[in-house]
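> fold the stuff below for me.
(2 chains)
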Amino acid sequence: MITILDIFLNFLKIGLFAFGGAYAVVPLIEEQMVTNTGWMNFTEFTDLLAIDELTPGPIIINSSTYIGMKLGGVPGALAATLGCIIPGAIVSLLLIHLYTKYKEIPVVTEIVRTLKCMSVALILSVLLKMFMNTLFPESISLQGMDILSAAMMVACFYVIRKYKTNPLYVMLVCGTINLIVCLISK
Amino acid sequence: MLKKALLLFANTFSISLTANSGYAMLGVIKNRFVDKYGWFTKEEMEDYIALAQSCPGPIACSSSMIIGYRAAGFLGAFFSVLGVLIPPFVMMVIVTYFYTFISTNTYVRYFIDGMQAGVCAMLTDVVLGLFDGVVRMKGVFYYVMVILSFLFVRFTKYSIFYLAIICIVVGIVKSLLVKRKADEQK
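Residues are numbered from 1 along each chain as shown, chains lettered A, B, ... in the order given. Next up, the predicted model:
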């Protein structure tokens, strides 16, 4: 019998070690849910990943809510989501509080600067993965390249950069175009 | 204060409802709070993103809490994280009932695949902005830090937690060295 407290504590653990965004955290969730606790099997887990991509919202929150819901209904979902965000909430408030108070001190400025370098590297690495998945959905070759996605990417980049358009609209337009083109061509 | 907090809530709620990952949210957050409302400068926003990435847990939560705190204190942090959490939570609770419909629906698939092109374009814009920040810091040291961090993320299996710690230590050491040099010159 899995109690709500079990769910909360397990997700607290995930939340505490979840550094580096969804791509780094998904394997952590897998380890905790499939290998360590056996609460899910591998198929259920891959299903979850598909659902994550198809629904709005941050991937880590989606996963915790979904798993919590499966294990213990709405209370389980609440426990999982809260557990997963509490460590980050405490750390981020602490960091921003310290930053606000001490940002004039040279050491703090320097730390933020080196963290900025890390930040560029992290997002760049996520971006590369997304690029490959979007442009070459099946295989990495010239034939396998998704030309529509490539064209949309260039057009979107131009629009966002030049007109500072709300990226939400840009994303929704891309989704709609792709839907229409796929419906016509397939 | 409360008005600002509620505005934060309305914004993070609508962003979370539409963006399909934490990284996709970053660009929209920047667009709203820097370009549209002018609450923060571009440089401040870069600092916040770097801090948010140094926190455990979903980047969507840490970044929204940091922005909320800077805009309207603890109340702001609370309301903006609440806005991020509610949409995916409600969505995932509902999704567990319609699981098969969503995961096998090709229209949803086409739409989301298309959106991905927009997300890539937007993230490229975010990365360029962040990189611009690194260029403005003026120093070969920072370029080296970006490259080393990138290699760490791509080619090692260690948690980003260690990378953040390394960056913090490097930042402290560098500022001490700079200070010593300045003292010697006096």
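> going forward, measure contacts and count neighbours with C-alpha atoms only.
OK.
> quick one: the residue nearest the centre of chain A from chain B, how far?
When chain A is reduced to its mean C-alpha position, the closest residue under Cα atoms, centre = their mean turns out to be residue A:22, at 3.6 Å. According to Cα to the nearest Cα, to the nearest Å, residue A:22 stands 7 Å off from chain B.
> so that residue makes contact with residue A:59?
Yes: counting by Cα atoms under 8 Å, residue A:22 does reach residue A:59; the two are 6.1 Å apart.
> list the residues that contact both of the two?
Contact criterion Cα atoms under 8 Å, 6 or more residues apart in numbering or on different chains; residues shared by residue A:22 and residue A:59: B:21, B:22, B:58.
> skipping adjacent residues, who's closest to the first one in space?
By that I understand residue B:21. residue A:58 (4.2 Å; Cα to Cα, 6 or more residues apart in numbering or on different chains).
> list the buried residues in the host helix or strand of residue B:125.
Assessed by DSSP states H and E, residue B:125 sits inside helix B:106-136. Neighbour-count burial for helix B:106-136, counted by 16 or more other Cα atoms under 10 Å in any protein chain shown, picks out B:107-127, B:129-131, B:133-134.
> does chain A sit close to that helix?
Yes: Helix B:106-136 lies within reach of chain A by Cα under 8 Å from any Cα of the partner chain, at B:107-125, B:127, B:130-131, B:134.
> which helices and strands does the helix or strand containing residue A:27 pack with?
Using DSSP H and E, residue A:27 sits within helix A:22-30. On a contact count with 3 or more Cα pairs under 8 Å, 6 or more residues apart in numbering or on different chains; DSSP states H and E, helix A:22-30 meets helix A:59-102.
> ok, and for the helix or strand just after the helix it packs on, which residues are buried?
Where DSSP H and E defines the elements, the next helix or strand beyond helix A:59-102 is helix A:106-135. Using 16+ other Cα under 10 Å as the test for burial, helix A:106-135 gives A:106-127, A:130-131, A:133-135.
> picking up where we left off before, closest to residue A:87 out of the shared contacts of residue A:22 and residue A:59?
residue B:58 (10.2 Å; Cα to Cα).
> so how many other residues sit close to the closest one?
Residues within reach of residue B:58, counting by other Cα atoms under 10 Å in any protein chain shown, total 28.
> what of residue B:40?
Residue B:40 has 17 nearby residues by other Cα under 10 Å.
> for the closest residue to it other than its chain neighbours, list the residues it contacts.
In this structure, residue B:40 finds its nearest non-sequential neighbour in residue B:34, 5.4 Å apart by Cα to Cα, 6+ apart. For residue B:34, the contact set (Cα under 8 Å, 6+ apart) comprises B:40, B:41, B:42, B:45.
> which among the residues you listed end up buried?
Neighbour-count burial (16+ other Cα under 10 Å) is assigned, among the contacts of residue B:34, to B:40, B:42, B:45.
> could you pull out the strands for chain B?
With DSSP state E, there are no strands along chain B.
> for it, just list every one of the helices.
For chain B, the helices defined by DSSP state H cover B:2-18, B:22-30, B:42-53, B:59-95, B:99-104, B:106-136, B:140-155, B:160-185.
> mean pLDDT lowest where, among the ones you listed?
Across the helices of chain B, helix B:99-104 has the smallest mean pLDDT, namely a mean of 73.
> counting contacts, what elements does that helix pack onto?
Counting contacts by 3+ Cα pairs under 8 Å, 6+ apart, helix B:99-104 packs against helix A:42-54.
> ok so, going back, quick check, the residue nearest to residue B:21 in contact with residue B:58.
Yes: using Cα under 8 Å, residue A:58 makes contact with residue B:58 at a distance of 7.1 Å.
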